[in-house]
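1. return a 3D structure for these sequence lines:
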Amino acid sequence: MLDYVVHGAGGIGCVVAARLDAIGRSVGLIARGAHLAALQANGLRVIGDTQAEIRLPATDSPTDLDLGPDTIVLLTMKSNDTAAALDAAGSAYDGLPIVCIQNGVANEDLVAARGLRAYGCRVVLGGRILEPGVVAHTGSGVLTLGCWPEGIDDVCRRFSADIEASGLEAPLNENVRAAKWGKLLANVNNAYLALTNTSLQASRKYEQHRRFLADVQEEAVTVLKAAGITADVGRKSTIEQQIAKLRQPGDWDHVEIPTDPDKLGWPSTWQDLHFQRGQVEVEFFNGEVVRLAERLGLKAPLNEVLWHRCEEAAAARVLPGSETTESLRAAAAQR
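-> Residues are numbered from 1 along each chain as shown. Okay, here's the model as predicted:
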């Protein structure tokens, strides 16, 4: 019987699967399309900060895998696809712990609402599919774990121990909901980077980008505070201190832009536009902030513009770079 099932085995899921396989854990993959076909035909290849060439059971349905009472399910798909994935799984995951290794704060509630065992995970790990069957681990590797909405149990400890043994970090957090809200405050900037075709390195180096990112985050922080929501950003500095740092004048000479394009960092939202996948996840980032603001009688114009402009670009298969800092600020000013 499998120790783990990685459902939604894309960039991040495949990195985690490779790490778990390396320490002798049995792992099954659930994927789709050309990526699934490549996994079945040629196995999985991972490059970058994780190196692996392995063959794992791969299918499009959990009913094809050998699940047991001790199997841990790892959801690693985009939030847009969580409901459909759980629908397709039927009763296969009944009674099994389901760890949402996903961004946003909606997935765990969706799992719990179906009477399933939900666990939260704040993801700080870079991974992307380079081509079907080939994944790059592009940086970091921290999975912060906890029961949903709070607490720590033996499932958390078991998964944490395995991740730590694999060479990644897996701290336990009694209030994982706050940790995931903290990650959302970083994710609200994904749409800007995608729409303006700005790499993670460039977004740190150049003042105009940093100031825009700071304004988007400050808007989100204001809404969360008004709602009484605690956000744990997982750093020694507070979110307010981080925002103030982003607003420091001038470009940062200490930040280097790699000349090798494969070493540039791109958020998953940029990848969605770049590969013209037709949808993005920003409804669960900026959209979460906007809906919360509306319930409180507040406005979040920057987040609203990023949400809608990014969804429109995705639906129209528009590549990254359709917007500028100025065009987005002008649109927000009209809200």
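2. CA atoms for contacts and neighbours, from now on please.
-> Will do.
3. got the domain ranges for the chain?
-> 4-174, 181-333 (automatic domain parsing).
4. so where do the strands sit in the protein?
-> 4-7, 27-30, 44-48, 52-54, 58-59, 72-75, 97-101, 117-131, 134-147 (DSSP state E).
5. out of the ones you listed, nearest to Asn286?
-> strand 117-131 (17.2 Å; Cα to Cα).
6. buried residues in that closest one?
-> 117-129 (16 or more other Cα atoms under 10 Å).
7. count of neighbours near Ala220?
-> The tally of other residues near Ala220 (other Cα atoms under 10 Å) stands at 27.
8. right, and it touches Gly287 too?
-> No: shown here, Ala220 and Gly287 do not form a contact pair, counting by Cα atoms under 8 Å, at 10.5 Å.
9. ok, now how distant is Asp60 from Arg247?
-> From Asp60 over to Arg247 the distance is 46 Å, taken as Cα to Cα, to the nearest Å.
10. over to Leu39?
-> 45 Å.
11. the two: who's more crowded?
-> Leu39 (25 against 17).
12. got a pLDDT number for the residue nearest to the more buried one when sequence neighbours are not counted?
-> Using Cα to Cα, 6 or more residues apart in numbering and skipping residues adjacent in sequence, the residue nearest Leu39 is Gly133, 5.1 Å away. Gly133 carries a pLDDT value of 98.
13. cool, and Ser268?
-> 89.
14. and what of Arg235?
-> On the pLDDT scale, Arg235 gets 80.
15. state the number of residues packed around it.
-> Neighbour number of Arg235 under other Cα under 10 Å is 9.
16. return the residues in contact with the closest residue in space to Leu298 that isn't next to it in sequence.
-> In this structure, Leu298 finds its nearest non-sequential neighbour in Val223, 7.5 Å apart by Cα to Cα, 6+ apart. By Cα atoms under 8 Å, 6 or more residues apart in numbering, the residues touching Val223 are 289, 292-293, 298, 300.
17. buried subset of the residues you listed, written for ChimeraX?
-> Remark: buried members of those, expressed as a ChimeraX selection using 16+ other Cα under 10 Å:
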select :289,292,293,300
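18. pLDDT and distance to Gly146 added to the contacts of Val223, as a markdown table?
-> Listed next are those as a markdown table, based on pLDDT from 0 to 100; distance: Cα to Cα, whole Å:
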| residue | pLDDT | distance to Gly146 |
| --- | --- | --- |
| Val289 | 98 | 23 |
| Leu292 | 98 | 24 |
| Ala293 | 98 | 27 |
| Leu298 | 97 | 31 |
| Ala300 | 98 | 30 |
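19. identify the farthest-apart pair in the contacts of Val223.
-> Val289 and Leu298 (10.3 Å).
20. just flag the most distant two among the buried residues of strand 117-131.
-> Pairwise over the buried residues of strand 117-131, using Cα to Cα, the maximum falls at Arg117 and Ile129, 28.9 Å.
21. what about the residue nearest to Leu39, how many neighbours?
-> Using other Cα under 10 Å: Gly133 sits among 23 other residues.
22. leaving out the residues flanking it, which one is nearest to Gln201?
-> Per Cα to Cα, 6+ apart, closest to Gln201 is Ile257, 5.9 Å.
23. which ones are touching the one you found?
-> 201-202, 264.
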